[in-house]
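**Student:** fold the following.
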Amino acid sequence: MSLLSGKKVVVMGVANKRSIAWGCAKALMEQGAEVIYTYQNERMKKQLDKLVPEGTFLVEADAACDESLEQAFAKIGEYAGEIHGVIHAIAYANKEDLSGDILAITREGFSLAQDISAYSFIATAKYAKPYLAENSGLVTMSYLGSQRAVPNYNMMGIAKAALEAEVRYLAAELSPQKIRVNGVSAGAIKTLAVTGVQDYQKLIQLSEDRTPDHVGVTIEEVGNAAAFLISPYSSGIIGEVIYVDKGVHLS
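**Tutor:** Sure thing, here's the model as predicted:
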C-alpha cells in the first residue's frame, strides 16, 4: 500500500534532475502523491517542464518575496483545496561566501543567505498553513555543515544552523495544530547548489570516503526519507533533523 495515496504535496526547489528536491518529488510520486511544484522564475520553469508529467500544476514562487509566496499558496489552495505537506529545498549564498575566510563575509552577504536559506522556511510555513490538512508535514533540507565547520561551506553552514533551529521552534508551535515539522540532513551530493562551494569535489569525495561502503548517498535515498516524513507513518517524529548521509555524521 502506498504511503501517500490521494495526498497532494508541494515541492519547492527543483532546479534539474540532479536536485535533491527532484529526488523527493520522485519518491512522493512513487508513494502515490500528486506533486505540485513551485519555481523561482521562467528560466527555472523551463527546466521543470522537461521533468514533470504533462498537466502537472506549477506555480511561480520567489522565496525572497512574501507577496510572491502568499500568492503562490493562494493559487495552490484554489487548485488543491488542501495540501498534505510541503518539502522546502531552497538555499542560496553568494559564491564568494562559500570559500575563503568567514571574516570576509559581508553584512549584505550574511543577510541574503539567511533570508533565502533560512527565513524562507518560516515564510513558507506561514503562507502554507491555511491550506495544510490535519496531520500534514513540513520538511526542509539541511547538511552536516550546520553542526561542524566544513571547509568552505562557511556562510551556508551558518544559515543551515539557523534553519535547523527553526525546525525545532516551528515544530513546537505547529504540532498542537496537527502540523509536523522536521528536517533531513542529507549527505554531500553533486547538485547545482553544492557546485557553488569551492573545492566541492573534495567535499563529495570526503563524504564518500566516510561512508561504511564508500558509496555516497543518492537523491533517491534522501527523497525516500522526506516522503516518509510527509506521510502519516511518521506521526511520532516531530522537530527532528534526521541524517540521511549513510553514516558520514558518525565519524
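
**Student:** could you look up the SS state of V150?
**Tutor:** coil (DSSP: H, G, I helix; E, B strand; the rest coil).

**Student:** distance of it from R210?
**Tutor:** 12 Å (Cβ to Cβ, to the nearest Å). All C-beta atoms are positioned from the backbone trio N, CA, C, and that covers glycine.

**Student:** just the strands in the stretch 1-150 of the chain please.
**Tutor:** Along the stretch 1-150 of the chain, the segments classed as strands by DSSP state E, counting those that start in this stretch run 8-12, 34-39, 58-60, 83-88, 132-142.

**Student:** now those in TSV, with distance to A171?
**Tutor:** TSV is the format used below for the strands of the stretch 1-150 of the chain (distance: least, Cβ to Cβ, whole Å):
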stretch	distance to A171
strand 8-12	18
strand 34-39	22
strand 58-60	26
strand 83-88	14
strand 132-142	9
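
**Student:** turn these into TSV, columns for distance to N94 and mean pLDDT.
**Tutor:** Shown next, in TSV, are the strands of the stretch 1-150 of the chain (distance: least, Cβ to Cβ, whole Å; pLDDT from 0 to 100):
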stretch	distance to N94	mean pLDDT
strand 8-12	21	98
strand 34-39	22	98
strand 58-60	23	98
strand 83-88	21	98
strand 132-142	19	98
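
**Student:** any idea which of these gets closest to L69?
**Tutor:** Closest of those to L69 is strand 34-39, at 8.6 Å (criterion: Cβ to Cβ).

**Student:** got a list of contacts for that closest one?
**Tutor:** Applying Cβ atoms under 8 Å, 6 or more residues apart in numbering, the contact partners of strand 34-39 are 7-14, 25, 28-29, 45, 47-48, 52, 56-61, 72, 76, 79-80, 83.
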